[in-house]
Each structure stands twice: as structure tokens, then as C-alpha cells.
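Visitor: 3D, please:
(2 chains)
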Amino acid sequence: MNQAITYQVDPLLQVLNVSAMGFIMPLLGFAFLSLFTLKEKTVWYVAISALVASFFSLVVFFKPLVHAHQYFTISWFQIAQSNFQVTLLMDDTCFWVLTMIHLVTLMVVLFSGYYMKAEQRIEKYFAYILLFFTAMVALVMVNNLMVSYIFWELVGFASYALIGFWRTKESAILANRKAFIINRIGDLGFLAAIFILYNQFATLNLQSIEVLVQQSPNNTTSLYWASAAILIAIIAKSAQFPFHVWLPDAMEGPTPVSALIHAATMVIAGVYLLLRISFLFPLEVLLLLKYLSLFSILMGSIFAMVQNDIKKILAYSTISQIGFMLFAISIGNNQLALFHLLTHAFFKAALFLAAGAFIHENKSQDIRLLKGVSKQMPLVFYAYTVASAALIGFPFTAAYLSKEGIVYAAFSQSGFNITNVLLVVSVLLTSIYVSRMWFHLNADKTATKLQSNPLAMLLPILILSIASLFFIFSINPLHLESMWLAIKLDHVPFVFSLGMIAMSLFGVLLVKYTPVILNPNESNRLVLFLQNGAYIDQLYEMVFVKPILKLAAVLKWLDRHVVDALVDGIAKLAITLAKISDWFDRKVIDGFVNLIALIAKRFGDLIRISQTGRVQTYFLLALMMMAILAWFIY
Amino acid sequence: MNITIGHFLMISAALFAIGFYAALRRRNIILVLIGIELMVNAAVINLVAFANVNKNGNAQDGKLMALFAIVLSAAAIALALAIVVKVYQHFKTINPDEVEEFKN
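Guide: A predicted model of the protein is given here:
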């Protein structure tokens, strides 16, 4: 099988392939922006041109090379008998996700020129975005777990750097630390999975692993462990329960960053990895994933219903929508998950960018204070409405096709049961929180229209909202008749579609005629409970953070009083030894030397007595010598 | 009274002792030199006396030896006196205790 699908390429084409990877230009852009200090406008142009060049190479060089199941392998290094390779994927899934990433990143960078105007350290901002983009593109393309891990970490780092971009803001720093630490937990799972899989299969190449798994399906124990470990990585990166807590806090970063990283691209890295590796997952782990993702869907939409911060609503909505994707994978429908991933990326990026425009013009994130934006920026608000409709899943939007597809797939797989009913309920909840947001933003009809609508603000929002419409993906608004995507969808019965639409409409009407939902009573215990995210943060604080800090304090004490004391003791011992040695040297060795000198001196003195310098003494001595000589002779 | 070799030796010893005392105790270099000369003369007396006692060879040999010794010591004394003149010019004294240049 390996032989059959390896596509032989001649060296020239390989070079072309490498340039076709498209991340060369953004990487250069990142290096350029990191090294030089430029004017704000120049920085923006550099970032845009790097992305446009990348987009160009994607369409012109990469697209013709794309075939189903195509990949191409570069040997990286060899340790003993193990050959480590970098495998680059060039299949349809890869191409579509790359296109989405390119488009969204380009739009976000365009929008950043408006949103981040006159910010400090703007070149760092764009440098991080380009770094993130490079890593994300590479993460999508490589099909080798070790190399994936490197880029997995890199996107995490870029996310960390960008959440904390406003580094003087205390809450932003806390948020990026939290995101980083929770992602580290997931990374541990990833690493563990890498170790287990390498131990089992002696390769980290996903194609090879897939072949080996199909050949010998009886090594299930290690597969359980590996898939459970990688599941931790996936739900941490994709912000699913119980690792979702970092995503709402990550909204402390600049809004375009939230649109790019925490809605459209990085958080779907987990889903994408799962798409690639789902062959590994035993049914039991898939079932666990199913319940986890269903819980995340419901939890995200319920929390989103009571939030007042527009970005937090969107963050919880992201958790919920990613839950839909993971749910689709857990019921074995990877194609639908990919479809929803793409549609979600567009409408969520549009929502975030529109929210960014509202926030930027009104200096507030509270939907109750943003009530005039429908009149203030009508065009942006129309785009926002389109994207909202996509999020709810109304017809004529692309997300209608994907979301309905997922719900229908769930029903056609397991019929009418509690999980599927909950899924439908979550569709209703989604409709409720989205329309609550919409009605708030549309509340004040008296606001004055904004005079200047910069193109850098309007263009990305409009393009992304248009990309959330059906005709990007299908020529039929009510059924997916794919134009580009090779996705096979069951034909959804008309009654089912009608039911779904009715459910969504019911949600909208419910909000319109129920003021309690529009403005939940803030003193209500339940509302407070939900607004604080069910106190999960506080629970983690109590269960994990505090004991760890206590442990750290104990370790610190141990370090100070035991380890340091030991070290100090050794040092003191050494000093004492040195003192003894010093004393010995001074008193005994020096004494001995001095003694010899003294003896020599005394002898000298003894002889000195005779050397009086008086002639007569010398004379006497000579005579005495003479007498002694005479005495010897006789 | 019969004069034996013992008498000569006693005279010689006395002369030597007187010269010895003078050489060591006088504070005048010239007198010290006279003391030394006395000791040399004591030795010469011994030589003459022993020459008389020896009956085996020519009796004049010992006397000739004594004459040589007298001449040589006279030469040595002449030289020493010349040095004494130089010492006096240099140190303005001929007290041997005050001439301590030899010490260093």
C-alpha cells in the first residue's frame, strides 16, 4: 500500500513542492519583522505581501499537485536503524484546510491594520501572526507525529505570545499563562502518545501506522493508551471540557487574534489531528469522546446564554461548535467534521472581526453597551447578521448544511436516543444565545451612523461573511451538491430539515418574547453560577492550583531548609577543613621551614663571633690552629 | 755550669711567650709587629740550638737556615711597616682595635 500511494517526484518538482509549501514567505516575513524596526504601515504591508505570496503559491503551485492520498516524504535524520522522515500531505483535506487558513489569516491581517492602529510593538504582533501562520500551515501539512508535535507546540507558543500581546495588562498575562499551562497538559498527552506509538510501531509516520494497525488489529491495549493520551492533547488544544477553561480567558488578547487563533485556526488543530488519526481510536475511546464533546456542546451554549461580554459569548460558542466537529468524528463521520470545521472557521472569524469592529468603535465589550451598533455600522451589522445566521444554522448559509448534516448523521446512526435529543437541544440553545446577542446589538435604533468606514475594516468582514454563505461550498442552498469538496452527504429528509429550521426559529422567537432570557436576572443563583462558568475555574483553583502551590511551598521550604542546609553544611565543612589546613600550613610546615632557617642562622651567629674584624683575634686564632695542628702531628 | 739544649729552649720559650703577649695585647701595630718579630726570633733560637745538637751532618747547615729565616722575616717586617704607614695615612691611627675594616 505504501508503495502504491507514494508519488514519485523528480528533484526539480520536489524543489517546486517545497516552494509550494507556501510557508517560506511568511517565515521570511516573520524573520524580517523580528529583526528590523519598521514603520507601522510598512509592517502591515510586509505581513500582507507575505500572506498573499503564500496564497498565490498555494493556488498556483500546490493545487495542481493535490491528489487524493498523495503525500511526499523527505528523509530527515537517522538514529541507528530508525529513519525519521518528514511527510508532507497533499490531499484534498489538506488543501481545503490550508485554503481556509490562508483566507482567514489574510483577512485577519487586513483587519489588524485597522484594529491595531497606533499600537506599540506592532511589528511583534505581525511577526507573531506570521510565525503562527507558518506553524499552522506546517502543522496541517505534515503527517508525521514528531514533526506535528513541534508545530503543535509552536502554534501554542504563538497563541501564548499573542494572548499576552498587551503585556502590561494583568489579566492578559494571567490568561496567556493559563492557556499555556493547560496546553502543556495536552502536550504531555501528545508526547505520551508519541512514545507509546513509537514503541509499538517503530515509526511515527501516520500512513505507516495506519497500515500496521490494519494489518494487526490485536494490539489494542497500547492503542487504548495511545488514543486516550492523544485525546487529552486534542481536547486541551480544542478547548473541550474539562480543558476548556483557557479559551474564554484567552479573549484577553487582541480581537483579530481571537478571530484567527481562538476561533478559526489553532483551536481546530485538535479536530484536524483527530481527523488524521481517528483510525487509531478504538470504539470505547470514541464513545468517551462522544460524551465529552456532547457535554462541551451543551456546556458551551449554556454558558454563552448568560454571558454579557461579546467575546466571551463567542468563545463559549467556539467551544460548543468544536464540540460539534468532535461529535461528528466520534460517530465516524470525518467528512462532516471537516466540512463543519471549514464553515465554522469562516462564520466565526466573521463574527469575531465584526465584534472587533464594534468593540473598537465603542470601547466596550459588553453587549448591553453595544446596543446601537446596528445603526452605527449597518454594513458590518449585516455581515454580522449573516454570520450569526450561519452559527444558528439557518438555510442559505454553509453552516446550515454542515450542522444539519451532523445532527442527521447522528440520528441515522443511532436513532432516537438521549444523546441525539440533547444534540437537538443544543441547536436550540445555540439559536437562543446567538439571537440574544443579536437583539442586544440591535436594541438602540437612535444611534448615529459612523462616518468613516475604513476598507481594512469592512473588506475582511464582508468577505468572511460571504464565505459563510452556501454558494462557497454548494450550488444547492438546501443540500450539499459539492462543487469542490469530495464529501458524500446523505440526503436529509425534508421533514427533518424543516424540524431543524423550526427549532432554530423557535429559539429566536423565544428570545424575542422572553425578556428573562434577553436580560437574565443577575442576582439569580443559577444565572450567577452559569456566568461564572459553573465555577469550574474555582474548582480547578481549589483542587489543582492550590495543592500544587502548597506542594511548591513545601518543596521550597525543603529546598531552603534541607537542601540548602546540606549545601551550607558542606560548605562550612570545607571552610573548617581549609582552616585546619591553613593552621597546619602556617604552624607546622612554616614552623619547620623557619626552624631550619633558625638553625642555619644560629650556626652563622656562632661562626660570626670569631669574625670580629680585629687583626689580633685572627692572629690568635691562627696560632691556636697552629697549636692544634702541632698537637695532631705529635 | 754546663749549658745544655734545655736552657736554649727555655730562653726561646720565654722569648716566644713575651712576643706572644706583646702581639696580642699591645694597642700599637708597630709594637705588635715587634712582638711577632720576638716570636720569630724565638723560633730561630730553636733552630740554632737544634743545629748544635745534631752531630750527624754539617753543623753550619742549621745556622745557615737561621740566617735565611732572619732575612726573610726582616723582609716581611719591612713590607708590614710599609703597610702600617699606609694604614696610618688612611685611618689616622695605628691602633688595631680601631682598624675594623676587615670585619666587612
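
Visitor: which residue packs closest to residue A:398, ignoring adjacent ones?
Guide: residue A:343 (4.1 Å; C-beta to C-beta, 6 or more residues apart in numbering or on different chains). Quick note: C-beta positions are derived from backbone N, CA and C, even for glycine.

Visitor: against which helices or strands is the lengthiest helix in chain B packed?
Guide: Using DSSP state H, we find that the single longest helix of chain B is helix B:60-91. If contacts are counted by 3 or more C-beta pairs under 8 Å, 6 or more residues apart in numbering or on different chains; DSSP states H and E, helix B:60-91 sits against helix B:29-53.

Visitor: returning to that earlier point: the longest helix of chain B vs helix B:29-53, what angle?
Guide: Between helix B:60-91 and helix B:29-53, the angle formed by their directions is 170 degrees, by axes from the mean of the first three to the mean of the last three C-alpha atoms, to 10 degrees.

Visitor: tell me the secondary structure at residue B:98.
Guide: coil (DSSP: H, G, I helix; E, B strand; the rest coil).

Visitor: need phi/psi at it.
Guide: Main-chain dihedrals, residue B:98, degrees, to the nearest 10: phi -90, psi -10.

Visitor: quick one: the nearest residue to it once chain neighbours are set aside from chain A, how far?
Guide: Once its chain neighbours are removed from consideration, residue B:98 has its nearest residue in residue B:91; the separation is 6.8 Å (C-beta to C-beta, 6+ apart). Residue B:91 is 12 Å from chain A, where distance means C-beta to the nearest C-beta, to the nearest Å.

Visitor: and residue B:91, how many neighbours?
Guide: By the criterion of other C-beta atoms under 10 Å in any protein chain shown, residue B:91 has 13 neighbours.

Visitor: who's in contact with stretch A:280-290?
Guide: Residues outside stretch A:280-290 that contact it (C-beta atoms under 8 Å, 6 or more residues apart in numbering or on different chains) are A:197, A:209, A:213, A:220, A:223-224, A:226-228, A:230-231, A:278, A:326-327, A:329-332, A:419.

Visitor: and the residues you listed, which of them are in helices?
Guide: With helices taken from DSSP H, the overlap with these comprises A:197, A:209, A:213, A:220, A:223-224, A:226-228, A:230-231, A:326-327, A:329-330, A:419.

Visitor: nearest to chain B, of those residues?
Guide: residue A:197 (96.7 Å; C-beta to the nearest C-beta).

Visitor: could you double-check that the closest one lies in contact with residue A:226?
Guide: Yes: with contact defined as C-beta atoms under 8 Å, residue A:197 reaches residue A:226; the gap is 5.1 Å.

Visitor: if you count what's nearby, which of these two comes out ahead?
Guide: In terms of neighbours (other C-beta under 10 Å), residue A:226 is the more surrounded of residue A:197 and residue A:226; the figures are 29 against 26.

Visitor: hang on, isn't that one packed against residue A:193?
Guide: Yes: with contact taken as C-beta under 8 Å, residue A:226 and residue A:193 are classed as touching, separated by 4.7 Å.

Visitor: secondary structure class for residue A:87?
Guide: When the structure is reduced to helix, strand and coil (three-state DSSP), residue A:87 reads as strand.

Visitor: okay, it and residue A:81: tell me how far apart.
Guide: Counting by C-beta to C-beta, to the nearest Å, the gap between residue A:87 and residue A:81 amounts to 19 Å.

Visitor: so which of the two has more stuff around it?
Guide: Remark: of residue A:87 and residue A:81, residue A:87 carries more neighbours, 21 against 6, as counted by other C-beta under 10 Å.

Visitor: picking that back up, any idea how far chain B is from the residue nearest to residue A:398?
Guide: Distance check for residue A:343 against chain B: by C-beta to the nearest C-beta, it reads 114 Å.

Visitor: tell me which element that residue falls in.
Guide: With elements delineated by DSSP states H and E, residue A:343 resides in helix A:334-362, which encompasses its position.

Visitor: now do that helix: distance to the chain's middle.
Guide: What separates the centre of helix A:334-362 from the centre of its chain is 18 Å, taken as C-alpha atoms, centre = their mean, to the nearest Å.

Visitor: before we move on, what about stretch A:601-611?
Guide: That offset, for stretch A:601-611, works out to 91 Å (C-alpha atoms, centre = their mean).

Visitor: that stretch near chain B anywhere?
Guide: Yes: under the criterion of C-beta under 8 Å from any C-beta of the partner chain, stretch A:601-611 makes contact with chain B via residue A:611.

Visitor: tell me where the stretch 451-600 of chain A has helices.
Guide: Residue ranges of the helices in the stretch 451-600 of chain A, as given by DSSP state H, counting those that start in this stretch, are A:455-467, A:494-513, A:515-518, A:525-531, A:536-540, A:546-558, A:564-584, A:590-610.

Visitor: this completes my enquiry, with thanks.
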